[in-house]
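1. need a structure here:
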Amino acid sequence: NCVCSLSLFSCLAFCRGRVVRVPKGPLIRVVGTEVAIPCSVSDYDGPSEQNFDWEFSRETDFMRIVSTWDSTFTSEEYKKRVGHGDIKLRRSSNDAVELVIRNIQPTDQGRYKCSTPSTDATVQGNYDAEVQVKVISDGLSVSGSKARSSMSLRLSEGDSFKLRCSAVTTSPEHTHLHVTWQIKSGSTWRDILSLTHEGKFQPGPGYEERYRNGDIRLDTGMNDTYRLSVSQASSEDGGTYRCLVSEWVRGADSSWQKIQEKSVEIASVAIQRTALDVVISTSNVSVTERDSLDLTCNITTDRSGIFQTEVMWYFSASPDDTLSDAQVLLSMDHDSVVSDSTLISLSHIDRNSYRLLVRDVDVEDSGYYFCQAAVWVPLHNGSWHKVVERTSAPVSVVVTALEPDYEVFLNASKTPKFSDDPTELNCRITNAQDTEANIRFTVSWYYRQRLRSDDVVTEELLATMDADWTLLLGDRSRERTQNGEIIFFKKTVDTFSLRIQWTSESDRGDYFCVISAWSRHRNNSWVKSKEVTSAAVSIFWATQDYTLTVEAVKLKPFFVAGHTFEMTCKVSSKNIKTPRYSVLITAEKPLTDQSNPNGTTRIISLNQDSVVRLEDWTDQTRVDGVVLEKVQENEFRYRMYQTQISDAGLYRCVVTAWSPGGGGMWREAVNGLSNPIQIDFQTSGPVFNVSVHSDNPTIYQGELADLLCIVTMEGMALEPDDMSFDVSWFAVRSFALDREPILLASLDRRGIVTQSRRNGSSDLSLERISPLEFRLRVHGCEDHDFGNHYCVVTPWVRSATGVWQREPDIKAKPIFLSVKMDVLNAFKYPLLIGIGLATVIGLLSCLIGYCSSRWCCKKEVQETRRERRRLMSMEMD
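-> Presented below is the predicted three-dimensional model:
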């Protein structure tokens, strides 16, 4: 023992030591059984594997039994039993062993002590423990039937049986019995149902559902009998049954301990499967539509006694379908109740035959029929149990349809001679027989392209009708049918028609129709029963390539600038049905690269409906200066009034021939281009040059920038009144001219100035300072005014006839305008403002300080008069 006066933690620390444990006694065991007494040690020092010594005492002195480390430890009295293995040690771990005594006898009753040799540095704790073992007599007896030790039962599947066993104990101790029924169908025993020593029923694995349903029960009866009742026996219930009884006693620690176990085989049960054969009397059946289908299901079984048969008929489209995929036609349960159906009946002919009758069969009734039968037996509680179920082989049933007899004839009532002519095809039903009210006809139209070679071309579906006469369009005809270009209609009762309002070359080919006959079934659904295809009708006409010739003629071979230019375009065509023409006048400048499509200018056009439109004509002063008119059906005239020198170039007529298309529309047939007509002005007038100049291209922000656009003239001299200029100024806001130019301002020849919108605070002014000089001023320059600046000049010269002629535009070489920042001017005003504010704040601070000290903080101090006296000594004080 350990006495501890300190805290709890200190007590635990000082009292820790080796602990040897054995079960709490007394241990009650039955004579003749095997006893295992465990012993363990914990909280020790030294090696992990500990040694154990066992000793036994009947009264006071202990006799040494066996040791794990000393072979000479055993007393003389126990050497023989230890040597034969009746007493041995069984190590379960490094720190635990069990003392095993086989066939324990009453002389083995007494105290057993387990000791562990010390391996600790200090001696602490307990090194041995004792347990009392009590040996009682065997009072348990287990027996089966009184007639014989083991009986044999042969049962049919679905039968019930009961087995009994008797178990009683005369133990002097208060013990409980644990009874378990087991079955062995192979090499191992399986638990069926147990009544535990605590009085609880416990079903074995796999028997839980049957126990809950009451099919397996364990009842106790008189004379300590235990009865196992099994209902609805199946093949799994066949095997050897035994009754296993164990005796339990409650130990000193209140836990239950099994002290012995006995078993006895009760019976050998054989379950015979119920034989059931299900056969349909006929193999393959063929019936005609509207007739009756008669099938008989024959059932054979070896079952005797009371049983009932359940029959179910199935239908499937395939012989390989499972029951879950098949359709249930009709059923009769074990109470002979038949499910309801109008056209199908199920009757019980005799005990083993069941008849299925399907009246008014249809084509959709073709398929596979099979019969499923099940045998049911009654149970003790009045319910029924299905013991066996079989399905017959499927029987093939073919229902032959009553096909109508008819022929199909296809002809063309309208055939095209040219493109855009109408086409009409009639698909007619002839020689129709057996077409009663339950027959309906629909049509499908197909197209097949004609090839000169032997290549096989797949037909294309144009349209088809379903059973309710709904028209379904194919991809080839869907858009044209929706636009009304193709019409499908039923002309008469027996005639279906296809009309192409405007036939195109892509419609040439072979056409054929398919007439489908539909039969109405008993559920008012329609099923296709027959199809007849017509002979093909060819839609074809000979075509030749379109040709179009355009000739341009200049009406006035000689003219000068300011006069009217006039030319005609004559058109001739071949192989085009009632053509109309649209005309476009184009011009190509002499310096334009003709391979570049942007070098051609579209001037004016006239469409096939004689509507005139200005295309790219941008000269606002001569909006009415170009005219295009239709002289004859194939002749067109182009006029250009007051021609300018800038109008020089090659002029052509671009003509498009149109032919009538579908729905009043025009279809483009072919294009043609005329020969060029050249306008070339021979003049010896002046040559103008333009340059840009600035006295100071580098300026500071806020200053004025002056840019001059100077026009120079070479050759023939002109009076100032005979020439005028349009001047435009542009700027490129970059060093490398890699951006789009920005229009700054323009001055036309009438003196009107136009400025573009500006975002900054700087301003522009543009003026003419001489007949050949134009000045652009930028007032209050900012940093965004930098960049390359240039002018574009358009000269205007008055001819001898008094007409103003426009010369080509002239672009000057750009000049770069640089805008710098004036650092001194930029910081001058901020510095002056800062110094002024600092001075004012300083003077104000001085004034506030002076006023505060003068009036606010002054105090009058009254001095008290002090007498002049000599100091006294500290002792007197």
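
2. tell me the secondary structure at the residue lying closest to L451 once chain neighbours are set aside.
-> Distance criterion CB to CB, 6 or more residues apart in numbering; nearest residue to L451, sequence neighbours excluded, is V457 at 6.0 Å. C-beta here means a position set from N, CA and C on the backbone, and glycine is covered the same way. Classification of V457 using DSSP: H, G, I helix; E, B strand; the rest coil returns coil.

3. strands along the stretch 1-150 of the chain, start to end?
-> Using DSSP state E, counting those that start in this stretch, the strands of the stretch 1-150 of the chain run over 19-21, 27-30, 35-42, 53-57, 63-67, 87-93, 96-101, 110-115, 128-136, 140-143.

4. list the buried residues for the first one?
-> So that's strand 19-21. Neighbour-count burial for strand 19-21, counted by 16 or more other CB atoms under 10 Å, picks out 19-20.

5. what's the distance between the longest helix anywhere in the chain and the middle of its chain?
-> Longest helix in the chain by number of residues, with DSSP state H as the criterion: helix 823-851. A distance of 74 Å separates the centroid of the chain from that of helix 823-851, by CA atoms, centre = their mean, to the nearest Å.

6. for stretch 62-80, same thing?
-> Worked out by CA atoms, centre = their mean, stretch 62-80 lies 79 Å from the chain centre.

7. just the endpoints, please. Distance across that stretch?
-> Stretch 62-80 has an end-to-end distance of 18 Å (criterion: CA to CA, to the nearest Å).

8. show the average pLDDT along that stretch.
-> Averaging pLDDT along stretch 62-80 yields 89.

9. what of stretch 333-352?
-> Here the average pLDDT along stretch 333-352 is 79.

10. now that stretch: buried residues?
-> 333-334, 344, 346.

11. can you tell me which strand in this structure is longest?
-> Ranked by residue count, the top strand of the chain under DSSP state E comes out as strand 256-272.

12. which residues does E773 contact?
-> Shown in contact with E773 (CB atoms under 8 Å, 6 or more residues apart in numbering): 708-711.

13. let's see 6 Å
-> By CB atoms under 6 Å, 6 or more residues apart in numbering, the residues touching E773 are I710.

14. next, find the distance separating it from K813.
-> Computed as CB to CB, to the nearest Å, the E773 to K813 distance reads 16 Å.

15. could I get the phi/psi values of F73?
-> The phi/psi pair for F73 (degrees, to the nearest 10) reads phi -70, psi -30.

16. what are the boundaries of the helices in this structure?
-> Using DSSP H, helices in the chain cover 8-15, 79-83, 208-213, 478-482, 823-851.

17. closest one to V363 among the ones you listed?
-> In terms of CB to CB, the element of the helices of the chain nearest to V363 is helix 478-482, at 32.1 Å.

18. and that closest one, which residues are buried?
-> By neighbour count with 16+ other CB under 10 Å, helix 478-482 contains the buried residues 480-481.

19. returning to what we had before: what's the residue nearest to L451 in contact with, if anything?
-> With CB under 6 Å, 6+ apart, V457 has these contacts: 448-449, 451.

20. recalculate using a threshold of 10 Å.
-> In this structure, V457 makes contact with 447-451, 509-510, judged by CB atoms under 10 Å, 6 or more residues apart in numbering.

21. go on, G780?
-> If a contact means CB under 10 Å, 6+ apart, then G780 has 701-705, 760-763 as its contacts.

22. most neighbours of all the residues you listed, which one?
-> Greatest neighbour count in the contacts of G780, by other CB atoms under 10 Å, goes to A705: 24 neighbours.

23. what residue spans form the domains of this structure?
-> Annotated domains of the chain cover 18-136, 140-272, 276-400, 407-539, 547-679, 687-820 [the TED database].
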